[in-house]
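**Q** my questions concern the predicted model and sequence given below.
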Amino acid sequence: MKQSILIVDDQKANLVALEATLSELEDVEIIAATSGPEALSILLKQSVAMVLLDVQMPGMDGFEVASYMRQRSKSRHIPIIFLTAINKEEGYLFKGYENGGVDFLFKPFDPFVLLSKVRIFLELDGRQRQLEEALSKLKQVRTSNEVLLRSVGEGIIGVCLKGTITFVNPAAEMILGVHSSALIGEPLYQAVIVSTHNAGRAGWQDTKLYKACSEGKAYHSDVGVFRSYHNKMLPVEYTASPTHSPSGQFDGAVIVFKDITERKKIEEKLHYMAQYDALTELGNRNLFNSALNNSITYSDHSGQAFALLFMDLDRFKQVNDSMGHDAGDELLKEVALRVNRCIRDSDILCRLGGDEFTVIINGEFAEKASVRVSEKLIHSLSQPFEIFGQELYVGASIGIVYYPELGKDSSELIRNADMAMYQAKHEGRNRYRVFEPNMKTQVEESMALEVELRRAVENMDFKLHYQPKFDMTTGEIVGAEALLRWWVGGKPVSPVTFIPIAEETGLINGIGRWVFETAAKQVQVWSTMFDLPDGFRISVNMSVQQLQDPDLLDTLSDFISKCNIQSELLEIEITESLFLERTEINLRNLAGIRELGPGIALDDFGTGYSSMGYLAQLPLTVLKIDKTFVDNVHQPQGSAIISAVVALAKGLGVEVIAEGVEQEDQAKKLIELGCVTAQGFYYSQPIPAEDLEVLLEQSLLRLAAPLEGTTGSSS
């Protein structure tokens with residue numbers, strides 16, 4: 001008898017390669033499946049000699065498939081060889097063996113080795129079959145056919161030429177929950193088989209079952225329905241075979257059937273797993289693709305447009321990295337609940353994977369509805385989440401497209417929605433954008449810029465400029481902020497453009513280390529050149545991503561030691577976005593930085609997410625008043641806010657600095673309100689280190705001149 005091998009891999013190229021290798025085997029049927037659910041569905045209906053099973057597959061991995069196989073008696077003993085391109089660790093291998101694997105092959109594998117192992121298991125399967133056939137022949141020694149009919153586990157019903165039930169075995173009684181006395185003598189199609197057409201005594205000879213058997217053929221149904229106890233419907237699989245009189249005349253049929261309720265449940269579960277995301281219970285990529293194609297078909301027939309929203313969470317990676325994947329999963333479930341509350345019952349919400357979600361909006365006013373839904377989503381997801389006792393802020397970026405205006409098929413719609421979402425992220429996140437044709441050019445330019453940025457990072461082809469901070473009452477330079485500058489093709493690239501790319505690609509950590517070390521070396525040089533005033537500090541900006549680096553403190557300590565610098569000459573600037581990432585590692589690293597000696601300044605204070613309770617937990621030394629408040633310093637509201645920040649700083653025992661001072665009257669008003677330290681174009685733009693040295697020298701000479709004059713007159 002021909003043997004079968006089931007090969008399972010989500011990559012079709014791998015399946016083709018496996019089939020080509022196994023084609024050398026004679027009398028072997030190769031059955032292919034591209035997913036775990038498909039493989040289990042095949043195993044429900046077909047026996048195989050062995051399974052070659054890929055480990056890493058989306059949705060249901062190889063270990064889960066093996067676990068399901070071991071739970072079913074039919075597939076429990078089928079040999080499984082796991083195929084994997086990852087992890088050779090002992091614990092990983094043990095997991096495979098624990099789930100029923102008999103061997104591991106690591107990709108790329110030697111075809112000779114694979115064939116050798118497969119032949120061994122095929123030979124064992126062949127011997128097992130021979131043994132089972134021998135045992136079967138022994139069991140065929142029966143006293144009569146009646147004993148055989150009454151001893152089998154499957155239900156058996158006999159009918160005569162008129163379609164009347166003449167025999168019911170005990171297994172049939174048990175499966176149907178009806179005694180044979182209530183069935184014998186009754187028409188088959190009234191008492192047992194449920195049919196969609198009238199198949200009583202008058203129509204028995206018109207049934208497919210009768211016609212097949214009368215022609216000497218068997219009739220089989222995978223999905224029949226029988227009537228059981230109290231008229232309940234029972235799903236069955238059955239085969240009807242013709243019976244003949246001693247003279248060879250067709251005289252009826254025997255129906256062998258089995259209850260497939262469990263199989264139907266498993267098939268329904270597999271169908272659900274193939275269509276829905278296990279974590280959020282939203283539709284998955286398969287359901288999304290199907291729904292999108294259905295919407296396109298309906299739109300083509302009705303002429304009614306629909307909208308597709310492509311949504312990606314902001315800062316989700318930081319949550320995963322800092323709090324772990326369990327916290328990330330909990331966050332995704334909470335996001336799914338919120339998104340569901342923002343959409344209509346007729347809208348279709350799916351999770352494609354990771355932190356990517358889609359919403360299909362059908363209906364007469366789909367375009368207007370897409371904007372309203374996007375605004376509701378952004379507002380809802382901007383509110384804090386409480387995950388494992390910690391308050392987190394996430395936000396979302398959304399891309400919108402309309403069919404057929406902004407995409408002629410599903411692929412183009414998805415691609416354009418993704419571009420619009422990317423543009424929303426590029427413009428600052430936590431917003432939505434409708435796709436525009438020129439976005440393709442913008443995305444391509446951004447990708448090209450990313451390539452250039454990666455090249456620049458290899459050689460750290462950047463420069464630092466420094467914006468001095470002044471005591472507005474004396475004109476003294478009391479510090480400076482180090483600002484990153486980058487040129488491509490001789491033209492400056494705005495940090496607003498390239499810093500988000502650096503953060504998204506993970507390049508920011510390497511850049512940040514270079515900035516800190518370069519600034520530390522520079523301030524060490526200045527400390528030897530000049531008699532710097534007390535409290536002089538060079539501040540360096542640090543992103544939340546850098547702050548979550550577990551090696552941050554060791555790195556900073558090494559730089560300070562290597563530069564042989566007084567750590568008090570340095571300052572770390574963080575922004576209010578830190579309030580979106582209130583994680584333990586952030587607080588621990590900030591406390592560690594302060595213990596090393598550098599000051600800690602909170603930039604852009606008052607513009608977004610500050611919490612007074614959380615503010616008190618931070619080891620701050622400086623509050624920086626944002627430029628938006630400085631611009632309104634002469635307005636009652638702006639003046640009141642600045643006065644409040646100055647009072648708060650005094651209460652916390654920290655300094656206060658005003659950013660973006662561009663006019664003399666702003667400086668005077670700030671001094672009047674109690675803020676004496678500032679930076680801004682009124683005093684100086686960011687300048688190269690050598691230009692700042694000139695300003696430092698002038699500042700120190702100007703301050704020293706009165707002292708020298710006083711000393712000279714008294715001598």
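**A** Structure received.

**Q** identify the residue nearest residue 321 in space, chain neighbours excluded?
**A** Counting by CB to CB, 6 or more residues apart in numbering, residue 548 is the residue found nearest to residue 321 once chain neighbours are left out, at 6.2 Å. The C-beta positions use only the backbone N, C-alpha and C, and glycine is treated the same way.

**Q** that neighbour and residue 322: what is the separation?
**A** Per CB to CB, to the nearest Å, residue 548 is found 5 Å from residue 322.

**Q** now residue 241
**A** Going from residue 241 to residue 322 by CB to CB gives 66 Å.

**Q** then residue 413?
**A** Separation of residue 413 from residue 322 (CB to CB) stands at 34 Å.

**Q** the more surrounded of those two?
**A** Neighbour tally, residue 413 and residue 322, criterion other CB atoms under 10 Å: the higher count belongs to residue 413, 25 against 21.

**Q** residue contacts, the nearest residue to the more buried one once chain neighbours are set aside?
**A** Nearest residue to residue 413, sequence neighbours excluded (CB to CB, 6+ apart): residue 407, at 3.5 Å. By CB atoms under 8 Å, 6 or more residues apart in numbering, residue 407 lies in contact with 308, 401, 413, 414, 415, 416, 417, 435.

**Q** any chance of the backbone angles for residue 540?
**A** Phi and psi for residue 540, reported as degrees, to the nearest 10, are phi -130, psi 130.

**Q** would you agree it is in contact with residue 515?
**A** Yes - Residue 540 is within contact range of residue 515, at 5.7 Å (criterion: CB atoms under 8 Å).

**Q** please enumerate the shared neighbours of these two.
**A** Listed as contacting both residue 540 and residue 515 by CB under 8 Å, 6+ apart are residue 482.

**Q** comparing those two, which residue is more hemmed in?
**A** residue 540 (25 against 21).

**Q** re earlier: export the contacts of residue 407 to CSV and tack on pLDDT?
**A** Formatted as CSV, the contacts of residue 407 follow (pLDDT from 0 to 100):
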residue, pLDDT
308, 97
401, 96
413, 95
414, 94
415, 92
416, 94
417, 95
435, 94
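
**Q** of the residues you listed, which is the most crowded?
**A** residue 308 (28 neighbours).

**Q** give me the phi and psi for the residue lying closest to residue 418 once chain neighbours are set aside.
**A** Leaving aside its sequence neighbours, residue 418 sits nearest to residue 310 (CB to CB, 6+ apart; 5.6 Å). Taking degrees, to the nearest 10, you get phi -120, psi 110 for the backbone angles of residue 310.

**Q** quick one, strands of the stretch 401-550 of the chain?
**A** Here the stretch 401-550 of the chain has its strands, by DSSP state E, counting those that start in this stretch, at 432-434, 463-471, 477-488, 491-493, 537-541.

**Q** buried residues of the fourth one, list them for me.
**A** This means strand 491-493. Using 16 or more other CB atoms under 10 Å as the test for burial, strand 491-493 gives residue 493.

**Q** using CSV, list the CA coordinates for stretch 528-542.
**A** Taking Å, rounded to 0.1, in the frame of the first residue of the first chain, the C-alpha atoms of stretch 528-542 are listed here in CSV:
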residue,chain,number,x,y,z
THR,A,528,41.6,73.6,31.2
MET,A,529,41.5,76.7,29.0
PHE,A,530,39.2,78.9,31.1
ASP,A,531,38.4,79.5,34.7
LEU,A,532,34.7,78.5,34.2
PRO,A,533,32.2,80.0,36.6
ASP,A,534,30.5,78.0,39.3
GLY,A,535,27.5,76.0,38.0
PHE,A,536,28.8,76.0,34.4
ARG,A,537,27.4,73.0,32.6
ILE,A,538,27.3,71.6,29.1
SER,A,539,23.9,69.9,28.6
VAL,A,540,23.3,66.9,26.3
ASN,A,541,19.9,65.8,25.1
MET,A,542,18.9,62.2,25.8
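
**Q** picking that back up, highest mean neighbour count out of the strands of the stretch 401-550 of the chain?
**A** strand 537-541 (a mean of 24; mean count of other CB atoms under 10 Å).

**Q** so, low pLDDT: which residues of the stretch 501-650 of the chain?
**A** 577-583, 606-614 (pLDDT under 70).

**Q** how about a cut-off of 90?
**A** For the stretch 501-650 of the chain, residues meeting the criterion pLDDT under 90 lie at 501-506, 509, 543-551, 562-564, 575-588, 603-618, 638.

**Q** thinking again about what came up before, from residue 504, how far off is the residue nearest to residue 418?
**A** Look at residue 310 and residue 504: by CB to CB, they are 16 Å apart.

**Q** who's more crowded, the two?
**A** residue 310 (27 against 17).

**Q** who's the more buried one bridged to?
**A** Listed beta-bridge partners, residue 310: residue 358, residue 399 (assigned using DSSP bridges).

**Q** who's in contact with it?
**A** Applying CB under 8 Å, 6+ apart, the residues contacting residue 310 are 356, 358, 398, 399, 400, 401, 414, 417, 418, 420, 421.

**Q** now the helices: where do they sit in the stretch 201-350 of the chain?
**A** 208-214, 261-275, 285-302, 316-323, 325-342 (DSSP state H, counting those that start in this stretch).

**Q** and the angle for the third one with helix 261-275?
**A** For helix 285-302 and helix 261-275, the angle between their directions (axes from the mean of the first three to the mean of the last three CA atoms, to 10 degrees) works out to 70 degrees.

**Q** and the contacts of helix 285-302?
**A** 274-276, 283, 304-306, 308, 348, 350, 352-353, 358, 360, 362, 403-404, 409-410, 413-414.

**Q** pull out the buried residues from these.
**A** So, by 16+ other CB under 10 Å, the buried ones in the contacts of helix 285-302 are 274-276, 283, 305-306, 308, 348, 350, 352, 358, 360, 362, 403, 410, 413-414.

**Q** domain map for this structure?
**A** 3-139, 150-263, 278-437, 462-698 (automatic domain parsing).

**Q** closest to residue 270 out of those?
**A** For those, proximity to residue 270 was assessed by CB to CB; domain 3-139 is nearest, at 4.2 Å.
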